[in-house]
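>>> Sequence isn't available, so here's the structure alone:
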């Protein structure tokens, strides 16, 4: 089973997106999450560091500038999605990647606090 580290730069970027109100609160994550073609188009115009910021997990092992290095996407490469964070919490907890689970959970709580009605 793959091992993951928390991508602290992605956590900080997600908080920045929340503070800047660059989020979607209600979406169908299955439709909104980036597909391979979306990732490729993003990488044609952006750096790997910019791509990495959209992933809460760093896969242990693969090289830095490979898609295999980055896991647990939480946004559509433009905005953070609440359902993306929920998916990260679920997937990380399902596969017992506790640090990533907790990072996603903390971001979800932060978003919910900022958007409480």
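Looks like it came in fine. From a predicted model like this one, the values you see are computed outputs, not experimental measurements. Numbers count the residues shown, from 1 in each chain.
>>> so what's the closest residue in space to residue 22 that isn't next to it in sequence up against?
Excluding the flanking residues, the one nearest residue 22 by Cβ to Cβ, 6 or more residues apart in numbering is residue 79, at 5.0 Å. Just so you know, the C-beta spots here come from the backbone N, C-alpha and C atoms, and that holds for glycine as well. By Cβ atoms under 8 Å, 6 or more residues apart in numbering, residue 79 lies in contact with 17, 22, 23, 24.
>>> what residues are up against the closest residue to the last one other than its chain neighbours?
It refers to residue 24. Nearest non-adjacent residue to residue 24, counting by Cβ to Cβ, 6+ apart: residue 81, 4.8 Å away. By Cβ under 8 Å, 6+ apart, residue 81 lies in contact with 23, 24, 27, 29, 32, 33, 74, 75.
>>> In the protein, which helix is the longest?
In the chain, with assignment by DSSP state H, the single longest helix is helix 98-114.
>>> avg pLDDT for that one?
Helix 98-114 carries an average pLDDT of 98.
>>> which residues touch that helix?
With Cβ under 8 Å, 6+ apart, helix 98-114 has contacts from 4-6, 11, 14-15, 18-19, 23, 56-57, 71-72, 74, 80, 82, 85-86, 88-89, 92-93.
>>> repeat that with 10 Å
Helix 98-114 has contacts (Cβ atoms under 10 Å, 6 or more residues apart in numbering) with 4-8, 10-11, 14-15, 17-19, 21, 23, 25, 55-58, 71-72, 74, 80-82, 84-95, 97.
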